[in-house]
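Chemist: need a 3D model of the following:
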Amino acid sequence: MRTGEPLPALGDVLAALDTGLWHWDTASGLVTVDAVAARLLGLPAEEVTLTEAQVRARLHPVDWNEITGVVQLAVAEGTLAEVRIRIMDDQKRVVRVVRSRSKPSFDRSRKAYVLTGTLQEVAEPRPGTPAGRNAVTGDWRRSREAFLLDAGRALAEARSTQEVLRVAANLSMPGFSPDGFAVFGVEGDHLTIIGHHGQEPGSERPFTSMSLNTAYPAAEVVRTGRAVYLSSPEQYEARYPLTWPLAQRFGRQSWAYLPLTVSGRTMGAWLATFAHPVAFTPDERSVLTTVARMLAQALSRAGTAESQRALSEDLQRTMLPKLGPDIPGMSVAARYVPTGGGLQVGGDWYDVIPLPGGRFALAIGDVQGHDVRAAGLMGQLRIALRAYASEGHRPDAVLSRASRFLHGIDEADPAEFRFATCLYVEVDPVSGVLEAARAGHPEPVIRMADGTVLARPTAGGPPLGIDPDADYPTTRFVLESGETMLICTDGLIETGGHDLETGWRRLRTVLEEHEGSQEELADALVQAVHGPSSHHTTGPLADRREDDIAMMLLSREGGGRGCGMGADTVDQPVRRTALTVAQAEPEQVSVARRQLRELLHDWSSPDQVDSAVLLLSELLTNVLVHTDTDALLLAEVTGGGDGRRMRVEVTDAGDDLPHMRRPGELASSGRGLVLIELLAHTWGVAPRGRGKSIWFELYETEEAGPG
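Modeler: Have a look, this model is predicted:
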């Protein structure tokens, strides 16, 4: 070519050099090749677009597996990706070896690799040379580093022995991937089989409980801590003639036995078998040795974690009680779920305590912390609660004594101060009367016979152990026929980044919609927190806080929706709630309003719900302002053939009966009965022996009040 003449076209230059061009976009899964590249792939010499499957059919399977690792490493390092690839014909014979060079890039928006490169035929290595081994491909350093990075990451993430074995079964080593493996362990002076892959089930029997003194490669590796490489059947038979028949029937061509060593101790052996001859060059031995070390570390971590889980589960199982015999007219279900971290032993617990006269008590609590000390305090506190309850103390006295007990332990070791929350409920199974005392614990939740869910306001005091002289008032309510009570620790509410409000909202949905048995409801509640769906219902908090979970369900037989035990439906209010509003607790008015809204959650007229809440506020406020007594709220919804009816009644111990007045424009009071007259369908005042009761009713059959 003379000086000054234009350069020839790029295609002409590449054609003269017998170099083909190709382009691969992993998002579309299509590979475009020019005429030269098509000919090198064994196709007609013309430009064509192929699918990945069509290209893969022309390449040696080992080489295809290597390409992915080389491309990922090149993208990470910002360098060229270079590989040697064997081209196969339709009979799976190697027809030529080509070299591919490309500059890959990664498109983050499409999460795809884009590659454009060249393809050239290269001289095939001479048989018998290290480069001529059956599995040689490409740039050894790059493929080895990419493979080891992937293998190390996958093994490090495996949490159990079975996960480690699954990762080992999917390892695709650069150029010489094994087609089978076995992992041997040691028990006393015998080999055991931890797992295997690539052989028929049951084929491991001859190798189980094999003595370490046997002339078998794996036994020798465990005894000496040195690897054994056997490149051919002849070499195997010559070195181990007695055990060669055991290996001969598998039809392999090469074997590598490597020690699994952790902290200087050989814990077993790893066998990698090959269907093709492998020379076991220094590079290949280096890769196998590195994999064996990573595999040993992963198996050791998994074994330690499994031992810890087994230990913690046994410890927790001994600390948690059996639910005991069936309770006439009632049933109890319980669940305990550890966080999954560390020893999986925490301070959450539950208990069922038998009491005289056929009664029993439910106790649930949470000791601060997630360690062995928390578990120890939990055990002591549970025993103390049982002792105080067995002495015949009422719920308030049981918690008061338990608080002093825990405070005494903390005083003995102030550096390890711990407190505990607790809910103690004494149950009369005959009448359904429940008496509850609460120490800083979440309130119980009642699911009514028709599925309506209400949080049951329960008086309480500070957590146990903080104030030895604290009082724990008792709240008395009735579990009606067909109703279910849920008590739980805060782990069931807050796990997944939830706070108390959003956590209860998640549980409320499960409680309202579930129609199965009590045990199925318990499982559904746990699944709502730890199941697959929980990852799509995270709470508003930035972190996904994890905590132990303890929960109990107490159901009273009846004809309710789900959890019932087949009894006849009782003629009773569909729903009912009761609440005391004390003079010293005016904030309970807002609790009462919330209770009424929850009771009327499916009422057809939102205006009537607003009217009922307004009238309730007027009645409760009237008691707090104009008397010096407490107010008792009783609200219920009943159903009939002509529609549902709500009745709200407020009772107090005051002697003065209310009367209708016409308040002036600037008067601050006197409008309560006027509003009731306007908004309620019917209302009235009923004198009691001491005090009075004011009530009103609204009917769902009409969309608004009578006014």
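
Chemist: show me where pLDDT drops low in the stretch 1-150 of the chain?
Modeler: Confidence mapping of the stretch 1-150 of the chain against pLDDT under 70 gives the ranges 1-12, 15, 73, 76-77, 123-144, 146.

Chemist: helix or strand for Glu145, which one?
Modeler: helix 140-157 (DSSP states H and E).

Chemist: hey, C-alpha coordinates of the helix or strand just after that helix in CSV?
Modeler: Per DSSP H and E, the first helix or strand lying C-terminal to helix 140-157 is helix 161-169. Taking C-alpha atoms only, helix 161-169 is exported to CSV below (Å, rounded to 0.1, in the frame of the first residue of the first chain):
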residue,chain,number,x,y,z
THR,A,161,-24.7,-28.5,55.8
GLN,A,162,-27.3,-29.2,53.1
GLU,A,163,-26.9,-25.7,51.7
VAL,A,164,-23.1,-26.2,51.6
LEU,A,165,-23.5,-29.5,49.8
ARG,A,166,-25.9,-27.9,47.3
VAL,A,167,-23.3,-25.2,46.5
ALA,A,168,-20.6,-27.8,46.1
ALA,A,169,-22.7,-29.7,43.7
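
Chemist: would you mark the buried spots in helix 161-169?
Modeler: 161, 164-165, 167-168 (16 or more other Cβ atoms under 10 Å). Just so you know, the C-beta spots here come from the backbone N, C-alpha and C atoms, and that holds for glycine as well.

Chemist: same check, this time on stretch 428-442
Modeler: So stretch 428-442, judged by 16+ other Cβ under 10 Å, has buried residues 428-429, 432, 434-442.

Chemist: where exactly do the strands run in the stretch 151-300 of the chain?
Modeler: For the stretch 151-300 of the chain, the strands defined by DSSP state E, counting those that start in this stretch occupy 180-187, 190-197, 210-211, 228-230, 254-262, 265-274.

Chemist: those strands: which one's closest to Arg39?
Modeler: Closest to Arg39 of these is strand 265-274 (Cβ to Cβ; 32.6 Å).

Chemist: which residues are in contact with that closest one?
Modeler: The contact list for strand 265-274 (Cβ atoms under 8 Å, 6 or more residues apart in numbering) reads 168, 176, 178-186, 191, 194, 198, 217-218, 221-222, 225, 250, 252-261, 288, 291-292, 295-296, 299-300.

Chemist: direction included, what does it pair up with?
Modeler: Using DSSP bridges, the strands paired with strand 265-274 in its sheet are strand 180-187 (antiparallel), strand 254-262 (antiparallel).

Chemist: just give me the residue right at the centre of the chain.
Modeler: For the chain, His530 is the residue whose C-alpha lies nearest the centre (Cα atoms, centre = their mean; 3.6 Å).

Chemist: list the contacts for that one?
Modeler: Applying Cβ under 8 Å, 6+ apart, the residues near His530 are 337, 495, 549.

Chemist: re the thing from before, any chance of the buried residues of helix 161-169 in CSV, plus distance to His23 and pLDDT?
Modeler: Shown next, in CSV, are the buried residues of helix 161-169 (distance: Cβ to Cβ, whole Å; pLDDT from 0 to 100):
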residue, distance to His23, pLDDT
Thr161, 44, 82
Val164, 39, 83
Leu165, 39, 82
Val167, 33, 79
Ala168, 36, 79
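
Chemist: and which of those is nearest Thr537?
Modeler: The closest of the buried residues of helix 161-169, once distances to Thr537 are taken by Cβ to Cβ, is Val167, at 30.5 Å.

Chemist: from Val262, how far out is that closest one?
Modeler: 17 Å (Cβ to Cβ, to the nearest Å).

Chemist: same check on Ser517?
Modeler: In terms of Cβ to Cβ, Ser517 sits 47 Å off from Val262.

Chemist: excluding its backbone neighbours, what's nearest Pro354?
Modeler: Leaving aside its chain neighbours, Pro354 sits nearest to Phe360 (5.3 Å; criterion: Cβ to Cβ, 6 or more residues apart in numbering).

Chemist: phi and psi next, for the one you found.
Modeler: phi -150, psi 170 (degrees, to the nearest 10).

Chemist: tell me the bridge partners for it.
Modeler: Beta-bridge partners, per DSSP bridges, of Phe360: Pro354, Val427.

Chemist: would you confirm that it contacts Pro328?
Modeler: No: between Phe360 and Pro328 there is no contact under Cβ atoms under 8 Å: 11.0 Å.
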